[in-house]
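Trainee: can you look at this prediction? I've put the sequence above it.
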Amino acid sequence: MIAYLAMALAMGQAAPPNIVVVFSDDHARAAISAYGSKLIQTPGLDRIAKEGVRFDRHITGNPLCAPSRASLLTGKHSHANGHKDNTTSFDPTQQTFPKMLQKAGYETAVVGKWHLVSNPTGFDFWEVLPGQGAYYNPEFITPAGRLRRQGYSTEIITERAVEWLRQARNKPFFLLVGHKAPHRYWAPGPNEYDLFKDQVFPEPPTLRTDYATLASGAKKALMRVDKHLRIKNDLLVGFPPPGLDAEQTARWKQAFGAQDEAYRVRLERTGDLLGTNYQRYLQNYLRCVAAVDKSVATLMDELDRKGLTQNTVFVYASDQGFFLGENGWYDKRWFYEPSAGTPLLVRGPGVRSGVVSQVTSHVDLAPTILEWARVPAPDDLHGKSLGPLLRGGKEERPAAYGHFYESDDPDHKVPKWVGVTTARHKIVYYYELGEWELFDLHTDPLERRNLWLSGPVGLKREMMRLLQSRQKDLGEESWICSRVDAAARAAW
Ligand code: CA
C-alpha cells in the first residue's frame with residue numbers, strides 16, 4: 001500500500017478522503033427537487049445539494065448507458081475508450097481511475113448496475129447485475145459466480161453497499177453504487193406502490209410538440225409516449241413485471257388492480273392516449289426515483305453513524321438524463337438538454353455549498369476523483385478536474401462535446417450526431433442526414449427554435465468552428481472531422 005499513503009502521512013498530510021459515488025440509470029434532473037422538480041420531492045438528494053454543490057449544466061457526451069459508464073471510468077470520450085454503443089464490451093485492460101485508486105492504496109468496491117459486459121477490474125470487491133439486471137429478485141455476478149437475491153433491486157443494492165461500508169478497514173475507500181433504477185420498464189418497489197396514486201402531474205410544454213423546426217430525425221424517432229410506450233411491457237398495465245414470485249405477484253395485483261382500472265377509465269373517458277400514458281409513465285418512473293432517493297439518504301445516514309461524513313466525498317450522478325415527456329418522448333440518446341443534461345451533486349471535505357452553472361462533462365469526473373485521492377491524473381484524459389469549481393473558483397469551462405454513434409437501432413431510430421454546447425449555445429450535426437441544429441439556451445431553454453434555419457450567420461460559423469476545433473483537440477476520428485469540414489465548406 002500503501003506506499004503512497006505512508007508517504008503522505010509521513011509528510012504530515014491528512015489521509016485522502018473516502019469517496020462514494022452513487023450512479024443511477026436514466027435519472028433526469030427534472031425528477032430531483034434540488035433541481036426545481038415540479039414532479040417529486042427528493043430529500044436525500046436535496047441533502048447533497050444543500051451541503052454541497054449542484055451542477056446545472058453537467059453533460060454526458062454519449063447519452064447511452066454503457067458508453068456513459070465507460071467515460072466515467074476512463075475520463076475519456078467514447079472514441080478513445082472504445083465503448084461507443086451498447087453492442088460492444090468494455091476493454092477491461094485499459095486504464096481506469098479505480099485501478100489507479102487501488103494502486104494508490106484505496107480499497108475499492110462496486111455494487112449493483114455495471115453494464116459493461118466484461119467483468120469489473122480495479123475493484124477489491126464487486127457484486128454486479130448482469131447486463132441491465134432485474135428489478136425483482138435480481139441475479140448478481142461475483143468473482144465466486146452467480147447468485148440470486150430475493151427482493152427489490154434498489155433496496156438490495158443499498159443493503160449490500162451498507163454491509164460493505166460496515167466492514168472494518170484501515171485504508172481510505174472508494175465505493176461505486178450503481179442503481180438499475182429508474183431504467184425502463186420502471187417497475188417500482190413494494191414500498192412505493194401507493195406513492196403518487198392520486199397525483200396528476202403537470203405536462204411539460206413540449207409534450208404535444210409538432211417538431212416543427214427540429215431535424216427530420218426527431219419526428220421519426222421511436223420514443224413517443226403515446227405511440228411507442230408499450231401498455232403492458234412498459235407501463236405494466238394489467239401486467240406485473242417479470243421475475244416476481246407468487247407472493248410478490250399477489251401483492252402487485254392487489255396494489256395495481258385499481259390503478260390499472262383508473263388508467264383504462266381515463267383513456268376511455270378522454271381518448272387521450274398521450275396524456276394518459278404520460279401520467280402512468282411518470283407515476284412508475286418517479287416511484288423508482290423515490291427508492292433511489294431513499295437509498296442515497298440511507299447511505300449518507302450510514303456514513304453519519306460511522307462518523308465518516310467529514311472525511312468522505314459523496315457524489316450522485318446518473319449515466320445520462322431522460323425525457324419525461326419533453327418533445328413527447330421517453331428515453332435519451334439525443335443531445336437535447338433533458339437527455340444529455342445529467343444530474344451531478346457533490347458534497348464532502350473542501351467542497352463549498354452552492355451552484356455551478358459552467359458547462360461540465362462526465363469525462364471530468366475521473367480526474368476529479370483522482371485529485372481527491374491525490375493521484376496525478378494521466379495526460380491522456382479528456383476531462384479536467386472539477387476541483388476548482390467545487391472549491392468556489394471562477395474557472396471558465398467553455399464547452400462540452402458529444403457524439404452519439406449507435407447505428408441501426410430498430411427500437412429508437414435516433415440518427416447519429418456530433419455536437420458541442422457552450423453555456424449559451426448548442427450546435428448539433430446529424431451527419432447521416434446532413435442536417436444541423438443550433439439553439440440559444442438563454443432565449444430558448446426548451447430547444448424549440450432551431451436557429452440553423454434563421455439564425456445569424458456569424459453565430460452559425462462560430463459554433464461550427466468550435467465543433468471542429470473540439471473534435472481536433474480530442475483526436476476524434478479523421479473521417480468524422482472531414483465530414484464536418486466538408487459540411488462547413490458547403491455551408492459557406
Ligand atoms: Ca442509462
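Mentor: That came through, no problem. Quick caveat, the model's predicted, so the values are computed rather than measured.

Trainee: near the ion, which residues of this protein?
Mentor: 25-26, 65, 319 (CB under 5 Å from the ion). Any C-beta I mention is one placed from the backbone N, CA and C, and that applies to glycine too.

Trainee: go with 6 Å
Mentor: Within the chain, the positions near the ion by CB under 6 Å from the ion are 25-26, 65, 319-320.

Trainee: wait, Ile48 sits on Tyr316?
Mentor: Yes: judged on CB atoms under 8 Å, Ile48 makes contact with Tyr316 at a distance of 5.6 Å.

Trainee: identify the contacts common to these two.
Mentor: Residues touching both Ile48 and Tyr316 by CB atoms under 8 Å, 6 or more residues apart in numbering: 296, 345-346.

Trainee: in helices, which of those fall?
Mentor: In helices, defined here by DSSP state H, the members of these are Val296.

Trainee: which non-adjacent residue is nearest the residue of the stretch 201-350 of the chain found nearest the ion?
Mentor: Nearest residue of the stretch 201-350 of the chain to the ion: Asp319, at 4.0 Å (CB to the ion). In space, and not counting its chain neighbours, Asp319 is closest to Ser68: 3.9 Å by CB to CB, 6 or more residues apart in numbering.

Trainee: domains of the protein?
Mentor: 3-187+282-396, 417-491 (automatic domain parsing).

Trainee: so Trp436, which of the three states?
Mentor: Of the three states, Trp436 takes strand according to DSSP: H, G, I helix; E, B strand; the rest coil.

Trainee: cool, Tyr429 as well?
Mentor: strand.

Trainee: sorry, back to before: run a quick neighbour tally on the residue of the stretch 201-350 of the chain closest to the ion.
Mentor: Neighbour count for Asp319, taken as other CB atoms under 10 Å: 28.

Trainee: on that earlier part again, neighbour-wise, which of Ile48 and Tyr316 wins?
Mentor: Legend: neighbour count by other CB under 10 Å for Ile48 and Tyr316, higher for Tyr316 (31 against 27).

Trainee: check which helix or strand covers that one.
Mentor: Assigned by DSSP states H and E, Tyr316 belongs to strand 312-318.

Trainee: also Leu235?
Mentor: Leu235 belongs to no helix or strand, assigned by DSSP H and E.

Trainee: how about the nearest residue to it, chain neighbours excluded?
Mentor: Arg280 (4.9 Å).

Trainee: correct me if wrong: that neighbour contacts Asp234.
Mentor: No: Arg280 is beyond contact range of Asp234, at 9.3 Å (criterion: CB under 8 Å).

Trainee: among the two, which residue is more densely surrounded?
Mentor: Set Arg280 next to Asp234 and count neighbours by other CB under 10 Å: Arg280 wins out with 24 against 19.

Trainee: so what pLDDT did that one get?
Mentor: Predicted confidence (pLDDT) for Arg280: 98.

Trainee: let me see the contact set for it.
Mentor: Neighbouring residues of Arg280 by CB under 8 Å, 6+ apart: 235, 237, 263.

Trainee: from Lys219, how far out is it?
Mentor: Arg280 sits 24 Å away from Lys219, going by CB to CB, to the nearest Å.

Trainee: likewise for Arg305?
Mentor: For Arg305, the distance to Lys219 - CB to CB - is 52 Å.

Trainee: fine by me, we can end here.
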